[in-house]
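Participant: Any chance you can model this:
(chains A and B, ligands or ions: 1)
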Amino acid sequence: MNIFDVIGPVMIGPSSSHTAGAVRLGNLAFAILGEGVKEAVIGLHGSFAQTYRGHGTDLALAAGLQGWATDDSRIPKSFDSAKEAEIEISFTTINLGDLSHPNSVRFWMTGVNGNKCTVTGASIGGGRVVVTNIDDFPVEFSGDFPAILTMHRDRPGAIALVTSILSTQGVNVAQMKVFRKQKGGLAAMIVETDQPIDDAAFEVIGKLPHIQSVRRIQLV
Amino acid sequence: MEEKLSLQEWIDLAETENKSFGDFCIEFQAKELEMDKRVLLERMEEMLHVMEQSVVIGLTGITSMGGLVGGNGKKVETYRAESADKSVVGSVMSKAIMIALAVGEANASMGRIVAAPTAGASGTLPAVLFSLSEARGSSMDELGKALIVAGAIGMVIASRASLSGAAGGCQAECGSAAAMAAGAAVELYGGSPEQVGQAVAITLKNMLGLVCDPVAGLVEVPCVKRNAGAAAQAMVAAEMALAGICSVIPVDEVIDAMAAVGNAMSCTLKETAQGGLAVSPTGILLANKLFAKVES
Ligand code: SF4
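Facilitator: Predicted coordinates for the structure are as follows:
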């Protein structure tokens, strides 16, 4: 913790967990989709479902999906701007079960190029967030670091190839997690890095054997 | 586990180096962040500018998202203009009350604020800093330094206890904001490092045990008015410390006591809206009304 964690951040109120954290969750969902949002259905769970109007959680999530920062003064008007950009956003309350964090949200998104993606995450306090599920893969990452997310076949060497590309580009791996549903099936990997991943490395990784898709997640 | 910070340790260092606590903190923090002192001060001044803007937003008389608060900062502004001779607390503190309410209301209506230390308690520091700086004619640099003092105090509280209502009750949010503001006030008035520590200790002692019980779970009631209360507590403690009054219990021990009280506090009193004012008959009525609105 440093002094700017105490004096700051600058944010749009009223709540770091229900407003600032919601913007960040929207940012992450948008980044994971990897293209402009055309349509999003947003499910709110627990405390998010109960208090979202009073905290502007809905406005904050919509702002996040448009890539805005947590201190953007336009946040209270994010619905208007979405409408203008012809982004369809709707809300519903959902029950993700007792084990889910009370400030959880699920995004069902369709992008402007027709890609679909479902992202679940939670706002865990002080504006910090965690993404817990992407397209039915249980995952765990915070968005605090630049990251890449791959979907790949669970085969020997698939992971090593990715990290070797990163290392030749001088990108240091801060954290790495692999998730799979069954041995030899489809697996998801999240690699969080100290340096941003440039276009060249990103493209090469996408063409590696066993890699089905790769997304780059870079928050401001 | 990381080693806990100690406010007394920093105070002692500042005293032996014969520096004001503000000068000590700015050097210490600049080194820690590997940042130029000037740049650090400028970043603090940017925060102060945002705070000034929050006051302006608040004084336009907005209504909050939940509709439970709004317009009270403006009421105090009008009272100050029309009934100055009837001020109970005098002009400086009445200005602090006005600013605390204005920023709290700006926050509750999705205005831009500095979470210092949190969004819920964001009215306290601007209230104390701006009302006193106007009275003293302080420069932006002096205010920036006072803000760094506040930040340093907050870091120690975060390390030994907590700054969040969910973890430690409102004593950790508004209490910490008040303690930070009290230290900043002593710095602004040229007090010694030791006096900064006394002001922090006295403030926290006076706010020990304050629960977090927001009506309908929103950062509105009692949060906004509590910022005004916290600002007043900070000023009361700063006055005592500057007069040479000492806290019998040393500052780090007071912070530890706050942590212990926070841990002993029932979960119903830590931001869950299941206790205190949140479950008063009116609190429940308001919550039901708001939730009905959500459902419809
Ligand atoms: S009552 Fe709770 S939510 Fe309100 S300011 Fe205090 S700690 Fe924050």
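
Participant: so does the top helix by length along chain A get close to chain B?
Facilitator: Longest helix in chain A by number of residues (criterion: DSSP state H): helix A:21-33. No: legend: contact between helix A:21-33 and chain B by Cβ under 8 Å from any Cβ of the partner chain is lacking; minimum distance shown is 10.8 Å. All C-beta atoms are positioned from the backbone trio N, CA, C, and that covers glycine.

Participant: could you say what helices and strands the helix or strand just after that helix packs with?
Facilitator: Once the chain leaves helix A:21-33, the next helix or strand it forms, by DSSP states H and E, is strand A:37-46. Here strand A:37-46 touches helix A:57-65, strand A:88-93, strand A:103-111, going by 3 or more Cβ pairs under 8 Å, 6 or more residues apart in numbering or on different chains; DSSP states H and E.

Participant: Nearest to residue B:282, out of the ones you listed?
Facilitator: Among these, the nearest to residue B:282 by Cβ to Cβ is helix A:57-65 (24.2 Å).

Participant: could you check the angle strand A:103-111 makes with the closest one?
Facilitator: Put simply, helix A:57-65 runs at 50 degrees to strand A:103-111, going by axes from the mean of the first three to the mean of the last three Cα atoms, to 10 degrees.

Participant: Pull the contacting residues for residue 129.
Facilitator: By default, I'm working from chain A. Contact analysis of residue A:129 by Cβ atoms under 8 Å, 6 or more residues apart in numbering or on different chains lists A:21, A:24-25, A:28, A:121-123, A:142-143.

Participant: wrong chain, I was asking about chain B
Facilitator: Residue B:129 touches B:48, B:51, B:143, B:146-147, B:181, B:184-185, B:188, counting by Cβ under 8 Å, 6+ apart.

Participant: and residue B:54, what pLDDT?
Facilitator: On pLDDT, residue B:54 comes in at 98.

Participant: Residue B:86: neighbour count?
Facilitator: Per other Cβ atoms under 10 Å in any protein chain shown, the neighbour tally for residue B:86 reads 8.

Participant: State the pLDDT value of it.
Facilitator: So, for residue B:86, pLDDT stands at 95.

Participant: before we move on, what about residue A:117?
Facilitator: For residue A:117, pLDDT reads 95.

Participant: Leaving out chain neighbours, which residue sits closest to it?
Facilitator: Nearest residue to residue A:117, sequence neighbours excluded (Cβ to Cβ, 6 or more residues apart in numbering or on different chains): residue A:33, at 4.7 Å.

Participant: Narrow the contacts of residue B:129 to those that are buried.
Facilitator: Neighbour counting with 16 or more other Cβ atoms under 10 Å in any protein chain shown marks B:48, B:51, B:143, B:146-147, B:181, B:184-185, B:188 as buried within those.

Participant: what's the helix or strand for the residue of the stretch 1-150 of chain B found nearest the ligand?
Facilitator: Of all residues in the stretch 1-150 of chain B, residue B:120 sits closest to the ligand, at 2.9 Å by Cβ to the nearest ligand atom. Under the criterion of DSSP H and E, residue B:120 resides outside all helices and strands.

Participant: Wait, it touches residue B:220, no?
Facilitator: No: applying Cβ atoms under 8 Å, one finds residue B:120 not in contact with residue B:220, separated by 9.5 Å.

Participant: Now for those two: what residues contact both?
Facilitator: With Cβ under 8 Å, 6+ apart, residue B:120 and residue B:220 have common neighbours A:14, B:214.

Participant: now the residue of chain A found nearest the ligand: how far from residue B:110?
Facilitator: Residue nearest to the ligand within chain A (Cβ to the nearest ligand atom): residue A:15, separated by 7.9 Å. Residue A:15 sits 10 Å away from residue B:110, going by Cβ to Cβ, to the nearest Å.

Participant: So if I had to pick from those two, which one is more boxed in?
Facilitator: With neighbours defined as other Cβ under 10 Å, residue A:15 and residue B:110 compare such that residue A:15 has more, 33 against 23.

Participant: Tell me which residues touch that one, please.
Facilitator: A:55, B:119-120, B:219.

Participant: What is the neighbour count of residue B:44?
Facilitator: Residue B:44 has 25 nearby residues by other Cβ under 10 Å.

Participant: try residue B:64
Facilitator: 26.

Participant: can I assume residue B:277 is in contact with residue B:287?
Facilitator: No: under the criterion of Cβ under 8 Å, residue B:277 makes no contact with residue B:287, lying 10.8 Å away.

Participant: Which of the helices and strands packed on strand A:37-46 sits closest to chain B?
Facilitator: Closest to chain B of the helices and strands packed on strand A:37-46, according to Cβ to the nearest Cβ: helix A:57-65, at 7.2 Å.

Participant: Quick check: the residue of the stretch 151-296 of chain B nearest chain A.
Facilitator: For the stretch 151-296 of chain B, Cβ to the nearest Cβ, closest residue to chain A: residue B:154, 3.6 Å.

Participant: Residue A:148: how many residues sit nearby?
Facilitator: There are 23 residues near residue A:148, going by other Cβ under 10 Å.

Participant: typed the wrong thing, it's residue B:153
Facilitator: The burial count for residue B:153: 31, using other Cβ under 10 Å.

Participant: quick one: buried residues of the host helix or strand of it?
Facilitator: For residue B:153, the host element (DSSP H and E) is helix B:140-160. Residues B:142-160 are the ones in helix B:140-160 that count as buried (16+ other Cβ under 10 Å).

Participant: when you scan it, is anything in it near the ligand?
Facilitator: No: contact of helix B:140-160 with the ligand (Cβ under 6 Å from any ligand atom) is absent, the minimum separation being 13.6 Å.

Participant: Could you tell me which other helices and strands that helix packs against?
Facilitator: Contacts defined by 3+ Cβ pairs under 8 Å, 6+ apart place helix B:140-160 against helix A:3-6, helix B:7-16, helix B:21-33, helix B:37-58, helix B:124-136, helix B:176-188, helix B:193-207, helix B:251-264.

Participant: Residue ranges in chain A under the pLDDT threshold?
Facilitator: A:220 (pLDDT under 70).

Participant: Give me the spatial nearest neighbour of residue 24, chain neighbours excluded.
Facilitator: Went with chain A since none was named. residue A:129 (4.7 Å).

Participant: that's the wrong chain, I wanted chain B
Facilitator: residue B:14 (3.6 Å).

Participant: swap in residue A:64?
Facilitator: Distances taken as Cβ to Cβ, 6+ apart place residue A:26 nearest to residue A:64, at 1.7 Å, with adjacent residues excluded.

Participant: okay, now the one you found: neighbour count?
Facilitator: 31.

Participant: repeat for residue B:266
Facilitator: Neighbours of residue B:266 using other Cβ under 10 Å come to 12.

Participant: if we can go back for a sec, can you add pLDDT and distance to residue B:263 and give the contacts of residue B:129 back as a markdown table?
Facilitator: As requested, the contacts of residue B:129 are arranged in a markdown table below (pLDDT from 0 to 100; distance: Cβ to Cβ, whole Å):
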| residue | pLDDT | distance to residue B:263 |
| --- | --- | --- |
| B:48 | 98 | 34 |
| B:51 | 98 | 32 |
| B:143 | 98 | 35 |
| B:146 | 98 | 31 |
| B:147 | 98 | 30 |
| B:181 | 98 | 25 |
| B:184 | 98 | 27 |
| B:185 | 98 | 29 |
| B:188 | 98 | 33 |
